[in-house]
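**Student:** With the sequence up front, the predicted model follows.
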There are 2 protein chains.
Amino acid sequence: MSVKYAMLGLLHYRDMHGYRIKQHMEQHFGNLWSINYGQIYPNLKKMEEEGLVTKKEVVRSGAPTRKLYSITPAGREAFAEWLLSDPHGTMLLRDPFLLRFVFFGFGTRERALQLVDEQIRLYETHLAKRRENMRRWHRQGVYVRQMGELGLLLNETILEWLKQSRREIARSRGEEVLRAERMNLPLES
Amino acid sequence: MSVKYAMLGLLHYRDMHGYRIKQHMEQHFGNLWSINYGQIYPNLKKMEEEGLVTKKEVVRSGAPTRKLYSITPAGREAFAEWLLSDPHGTMLLRDPFLLRFVFFGFGTRERALQLVDEQIRLYETHLAKRRENMRRWHRQGVYVRQMGELGLLLNETILEWLKQSRREIARSRGEEVLRAERMNLPLES
DNA sequence: TTGACATATATACTTTTGATATATATACTT
DNA sequence: AAGTATATATATCAAAAGTATATATGTCAA
């Protein structure tokens, strides 16, 4: 349950309510990591019960009441312990576009090019936003800034790869691709 | 439910049993995408009920009985439909090391360097393996090979970033990092 | 011969995601 | 002035995905 500790980490900087936690999380992580309200609210509730955070309701006229959470000494302790522990498990990457990409050989080349072009536009937009965000990251500590840089590097790498792939797909004779990819090899062993 | 379609895609190439699906999935995806048995076996069972695949038991003396699955015409149809549909959602990245990384400012610089070094070793091992695998990917179609190349590129990018980060962390005065990162700003708004 | 590693299937459990509902504030557009 | 879109804010839940583990055999090497 790593999200819990990420939340405790953010609460070291300042008191926050659920909505703000989502924002800070994504910015802090160089726009690489996202979090979901379905994780935030149940975790805040649980952590309050465990005494890791305390809740302070901020009533505002008109707008819904804010629930501001603060980290407790017990929360800081739990976080420090986690930070010292060894990270286990490896990087997980999941992308709906990439999942289709490997199977493009079963479809037409035109459709493949169309989706790749769409993806190129998407990553170009992302890249522009990331470059803007670099200013924000530069005001943060070393590690947060480095995360922002990683986000930028990965974005650039993927974009270059997409463009290179596009060239190769456009160059390739559609028929050849299809035949090779559709080949039904016998089951070995 | 994208894993289901990835499995149907693999079954286009050849008949497979659960264990083999996991292997092929990871290789097909340039070692970028992993799948686990908790998804494979329940999905195979469900897809059999839906008539998307058929099961053939292969009894072997000594070793456990293999359950070989084949894709049906209905399965091919469901897959083709999915392939034509638009991918929705963006890339998701989840890494236990990176989650700790952004909070290294709350710990010691020595511990940060130690974990970064560990990660560098890990990615160097991965990189060597990926380069070996390039031969396998070259025998596949364009799209599978391109996925392998993306895996390689991302690995190289991350490794370079880790080394660059290490240099910067080593260069920085530990105290300064800590002070900046621990600064407790007031809640805006 | 013991231990490590690959093969192979299976499931209980936990976590995460995606979708949806509600309601106000603010900024822009026609 | 009315309409529209977007941002703020909290919350819930089913479905999907992921972790961890149990079982059992085969092979190879220390």
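**Tutor:** Noted; the coordinates are in hand. Computed from a prediction, not measured in an experiment: that's the story for all the values here.

**Student:** Mind pulling up the pLDDT for the residue nearest the centre of chain A?
**Tutor:** What sits nearest the mean C-alpha location of chain A, by C-alpha atoms, centre = their mean, is A:W33, with 2.7 Å. pLDDT for A:W33: 91.

**Student:** in what helix or strand does it lie?
**Tutor:** Assessed by DSSP states H and E, A:W33 sits outside every helix and strand.

**Student:** confidence score at A:R136?
**Tutor:** 81.

**Student:** which ones are touching it?
**Tutor:** Taking C-beta atoms under 8 Å, 6 or more residues apart in numbering or on different chains, we find A:R136 in contact with A:Q27, A:G148. Any C-beta I mention is one placed from the backbone N, CA and C, and that applies to glycine too.

**Student:** which SSE is it in?
**Tutor:** helix A:109-138.

**Student:** Next SSE downstream of that helix?
**Tutor:** Remark: after helix A:109-138, the chain's next helix or strand is helix A:142-171, criterion DSSP H and E.

**Student:** what about A:G148, neighbour count?
**Tutor:** 25 (other C-beta atoms under 10 Å in any protein chain shown).

**Student:** measure it to chain B for me?
**Tutor:** Distance from A:G148 to chain B, counting by C-beta to the nearest C-beta, to the nearest Å: 10 Å.

**Student:** What residue, apart from its backbone neighbours, is nearest that residue spatially?
**Tutor:** Distance criterion C-beta to C-beta, 6 or more residues apart in numbering or on different chains; nearest residue to A:G148, sequence neighbours excluded, is A:W137 at 3.4 Å.

**Student:** Any idea how many residues pack against the one you found?
**Tutor:** 21.

**Student:** Hmm, it is touching A:F29, no?
**Tutor:** No. With contacts defined as C-beta atoms under 8 Å, A:W137 does not count as touching A:F29, sitting 10.3 Å away.

**Student:** what do these two both touch?
**Tutor:** A:M147.

**Student:** between the helix holding A:R136 and helix A:142-171, how big is the angle?
**Tutor:** Interaxial angle, helix A:109-138 versus helix A:142-171 (axes from the mean of the first three to the mean of the last three C-alpha atoms, to 10 degrees): 160 degrees.

**Student:** List the contacts of the residue nearest to the centre of chain A.
**Tutor:** A:A6, A:M25, A:E26, B:L93, B:R94, B:L98, B:L99.

**Student:** Distance of it relative to B:M25?
**Tutor:** 24 Å (C-beta to C-beta, to the nearest Å).

**Student:** Kindly report the same for A:G107.
**Tutor:** 19 Å.

**Student:** helix, strand or coil for A:K56?
**Tutor:** Following DSSP: H, G, I helix; E, B strand; the rest coil, the label given to A:K56 is strand.

**Student:** so what's A:A74 up against?
**Tutor:** By C-beta under 8 Å, 6+ apart, the neighbours of A:A74 are A:E50, A:G51, A:L52.

**Student:** try A:L84
**Tutor:** Counting by C-beta under 8 Å, 6+ apart, A:L84 has contacts B:G107, B:R111.

**Student:** And it, what's its pLDDT?
**Tutor:** pLDDT, A:L84: 90.

**Student:** Okay, now the unreliable bits of chain A?
**Tutor:** Along chain A, the model assigns pLDDT under 70 to residues A:61-64, A:174-189.

**Student:** list the helices and strands the helix or strand encompassing A:Y19 packs on?
**Tutor:** Following DSSP H and E, one finds A:Y19 within helix A:18-28. Counting contacts by 3 or more C-beta pairs under 8 Å, 6 or more residues apart in numbering or on different chains; DSSP states H and E, helix A:18-28 packs against helix A:2-11, helix A:37-49.

**Student:** Of those, which is nearest DNA strand C?
**Tutor:** helix A:37-49 (2.5 Å; C-beta to the nearest atom of the strand).

**Student:** quick check, the closest one touching chain B?
**Tutor:** No. Judged by C-beta under 8 Å from any C-beta of the partner chain, helix A:37-49 stays clear of chain B, getting no closer than 12.2 Å.

**Student:** Spatially, what comes nearest to A:T157 if we skip its sequence neighbours?
**Tutor:** Spatially, and ignoring its direct neighbours in sequence, A:T157 is nearest to B:T157 (4.7 Å; C-beta to C-beta, 6+ apart).

**Student:** So the one you found sits against A:G151, correct?
**Tutor:** No. Using C-beta under 8 Å, B:T157 is not in contact with A:G151, being 11.1 Å away.

**Student:** The two - which one has more neighbours?
**Tutor:** Neighbour comparison, B:T157 and A:G151: the larger count goes to A:G151, with 22 against 17 (by other C-beta under 10 Å).

**Student:** Name the SS class of the residue lying closest to the more buried one once chain neighbours are set aside, please.
**Tutor:** Nearest non-adjacent residue to A:G151, counting by C-beta to C-beta, 6+ apart: A:G30, 3.4 Å away. Following three-state DSSP, the label given to A:G30 is coil.
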